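*Asks:* Model the structure of this input:
(2 chains)
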Protein chains: 2
Amino acid sequence: MKVDGRDTRPIRLSGDGKTVQVIDQRRLPHEFVVLDLVTVDDVIMAIQEMVVRGAPLIGVTAAYGVFVAALNAEGRSDSFAYFSGECKRIKAARPTAINLIWGVERVTAVVREMRDDAARIDAARVEAGLIAEAEAENCHLIGEYGVEIVEAISRRKKGKTVHILTHCNAGWLACIEYGTATAPMYAAFDRGLDIHIWVDETRPLNQGARLTAWELGKHGIDHTIVTDNAGGHLMQHGMVDLVIVGTDRTTHTGDVANKIGTYLKALAARDNQVPFYVALPSSTFDWELKDGVKDIPIEERDPDEVRYVQGLENGAVKKVMISPPESKAANYAFDVTPARLVTGFITERGICKADAEAIAALFPEKGDCF
Amino acid sequence: MKVDGRDTRPIRLSGDGKTVQVIDQRRLPHEFVVLDLVTVDDVIMAIQEMVVRGAPLIGVTAAYGVFVAALNAEGRSDSFAYFSGECKRIKAARPTAINLIWGVERVTAVVREMRDDAARIDAARVEAGLIAEAEAENCHLIGEYGVEIVEAISRRKKGKTVHILTHCNAGWLACIEYGTATAPMYAAFDRGLDIHIWVDETRPLNQGARLTAWELGKHGIDHTIVTDNAGGHLMQHGMVDLVIVGTDRTTHTGDVANKIGTYLKALAARDNQVPFYVALPSSTFDWELKDGVKDIPIEERDPDEVRYVQGLENGAVKKVMISPPESKAANYAFDVTPARLVTGFITERGICKADAEAIAALFPEKGDCF
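*Replies:* Purely as a prediction, here's the structure:
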């Protein structure tokens, strides 16, 4: 997507094709900084510290992480064993996003048989690049399907503003292009539909207030930041026509793990008959787990992410402590929205209901897991 | 309540009985500062800027505001007219908390007929003081009734920790002593029950992370700060036994206006069969309105309360901007939880269901409003 007129992606290869470069999302919107990921430790740090975040981007970063592992292994006597060990480490970087495992496995499946270092490096780079392009195209298709929902509401409202609420950042920063939850918004905007986005700030790390607001603003889309507490009130008063969120892992039965607080918005949407859609590429489906609340591992992160808030003061990025120094905090990063609260999924193959049969009908090649 | 061993209230008269003094709650937990309220402008500023906040304390401050108005009117040729005009200004300081109007009207009802400045001043001071003592006693009784709910859960859990979630600060800082939502917690703790409090941080102004955590910590009660997004996840996983919140205005039909986000927690409590109680003195009932969602006025505050977060950095209180500078924000201060989601009310007269009949049975003298 364009940032100040320049084509920008959250991850790319350097001009010589040897270095993986990512936007440091911890520092947006206050600073725009690009980091080089040279070692597997760099890749793992980037994923764990949320330099990169969002399920599709974690998947692509993991894929490029395999390329980095192949580069690092080059010339070692234990090259293959070392490479394999590094790939395992990448897969364990964070527990919730299924795309992490998927991204590593997609690339390792291609290079598994290769014993020549150079061939492995080349193949990993090519495959990671293909995955990145495929995810970009998936997001494009999610936008094309999802925009129909926005168009239908716009028609029903006779062209009046369609108000869409989103939680966290499932924008292009979380993907490669377009985003998942934001893809229908960008498509609607580009078709000239009148839309306005309610952006949940998304504590503790404020991906909404920092990243989604920044993205939408750069594209010129009208938006308003609200606290995570506000969505219920907005829905009670008819100020939300549609909720679209992303997901970090979705069971093939339709349960959705997404940023903590998503479940609360889904409850409010149900209580106020507001459609609640989840946008995702199929790489985010977990074809094994059935009970999301019980079985999806929920990451617990550093409590200081709750106790401290980062922002800009006098031109410098600072962290302020918001609590008494002696108070504990807990930091569950995700929650699970049960399928019963989800109106539908917007995928690269179209829209489907949030149940095992509908998902299986859209992805019949996965049928053996049912 | 005790702060570092010293009896402390959020509002008091100075030793000479002439100056109203309040704790500046904007600066807690980082700094403990007492402000003098000398003029009605001071009183209105304190209420609007949330130097004082919380329905019962707003009511008591408003009552003392009438005393300040009487003091300011002393010796003026238009003393009574001036006094009456100032009282009207106090009543309009904030729209949602019914206690504000109630506090002013309680005192003005007593001094209405008085044309002697000194008599009016004395009577206003005495009446405001009586209201403060009555509200302290109300909170004490709320604790005595509410602790029975905690005890019953503790018995059912065979003495294992009872986990209580609360939103915002309905503690003694929001009242005079004990608090409303916290009164059952203090009572339970003082009886030796094993309790642990989940404290919602309560964006945008973080009254949970700043004030409730500070209060509970000063009393030695085990607590953990969580983001406002976390409660649903905690309830889904059996980590919350009970929710208790306060309220800024409750219709006599049982609809509850409280800090924005309360409604979302009530939805999660219902979805997970967690009891959801609202603790309030009867001064917080609105005996006129019937439909809370439609009729209770919801204050919209400065969007910069959302865009900026205050905290401590290097020993100094600072505000950092969390959003892109050009993004808008909206700041609805309260939402309304419909009676259907409320398990019951904990009042100074006992516990009742959240419906018009049960409330009327507990407060029969208000029966003419049904």
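
*Asks:* and A:Ala132, what is it in contact with?
*Replies:* A:Arg9, A:Ile11, A:Val60, A:Ala63, A:Tyr64, A:Ile176 (C-beta atoms under 8 Å, 6 or more residues apart in numbering or on different chains). No exception for glycine: its C-beta is placed from N, CA and C like everyone else's.

*Asks:* which one's the longest helix in chain A?
*Replies:* helix A:117-156 (DSSP state H).

*Asks:* Whatever helix or strand comes next after that one pairs with which strands, and in what direction?
*Replies:* Using DSSP states H and E, the helix or strand that follows helix A:117-156 in sequence is strand A:162-166. In the sheet, strand A:162-166 lines up against strand A:195-200 (parallel), strand A:242-245 (parallel) (DSSP bridges).

*Asks:* So what's the gap between the last one and the chain middle?
*Replies:* Taking C-alpha atoms, centre = their mean, to the nearest Å, the mean C-alpha location of strand A:242-245 is offset from the chain mean by 14 Å.

*Asks:* Buried residues, the longest helix of chain A. List them.
*Replies:* A:117, A:120-125, A:127-129, A:131-132, A:134-136, A:138-147, A:149-151, A:153-154 (16 or more other C-beta atoms under 10 Å in any protein chain shown).

*Asks:* Farthest pair within the contacts of A:Ala132?
*Replies:* Spatially, the most separated pair among those is A:Arg9 and A:Ala63, at 13.8 Å (C-beta to C-beta).

*Asks:* More neighbours: which of those two?
*Replies:* Between A:Arg9 and A:Ala63, counted using other C-beta atoms under 10 Å in any protein chain shown, A:Ala63 has the larger neighbour count: 30 against 19.

*Asks:* Run through the neighbouring helices and strands of the helix or strand containing that one.
*Replies:* A:Ala63 belongs to helix A:55-73 when assigned by DSSP H and E. For helix A:55-73, the packing partners by 3 or more C-beta pairs under 8 Å, 6 or more residues apart in numbering or on different chains; DSSP states H and E come out as strand A:11-13, strand A:20-23, strand A:34-37, helix A:40-48, helix A:79-91, helix A:98-111, helix A:117-156.

*Asks:* Tabulate these in TSV, adding columns for mean pLDDT.
*Replies:* Shown next, in TSV, are the helices and strands packed on helix A:55-73 (pLDDT from 0 to 100):
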stretch	mean pLDDT
strand A:11-13	97
strand A:20-23	98
strand A:34-37	98
helix A:40-48	98
helix A:79-91	97
helix A:98-111	96
helix A:117-156	98
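
*Asks:* residues contacting A:Thr61?
*Replies:* A:Ile11, A:Val20, A:Val22, A:Leu37, A:Val43, A:Ala46, A:Ile47, A:Val52, A:Gly103.

*Asks:* let's see 6 Å
*Replies:* Shown in contact with A:Thr61 (C-beta atoms under 6 Å, 6 or more residues apart in numbering or on different chains): A:Ile11, A:Val52.

*Asks:* give me the low-pLDDT residue ranges for chain A?
*Replies:* A:367-370 (pLDDT under 70).

*Asks:* Residue ranges of each domain in it, please.
*Replies:* A:2-134, A:145-369 (automatic domain parsing).

*Asks:* Tell me which of those domains sits most buried.
*Replies:* Comparing the domains of chain A by mean neighbour count (mean count of other C-beta atoms under 10 Å in any protein chain shown), domain A:145-369 ranks first with a mean of 22.

*Asks:* Quick check: which of the domains of chain A is nearest to B:Gly5?
*Replies:* Between B:Gly5 and the domains of chain A, the shortest gap by C-beta to C-beta is with domain A:145-369, which sits at 16.5 Å.

*Asks:* For the stretch 1-150 of chain A, which residues are neighbours of chain B?
*Replies:* Residues of the stretch 1-150 of chain A lying close to chain B (C-beta under 6 Å from any C-beta of the partner chain) are A:Pro29.
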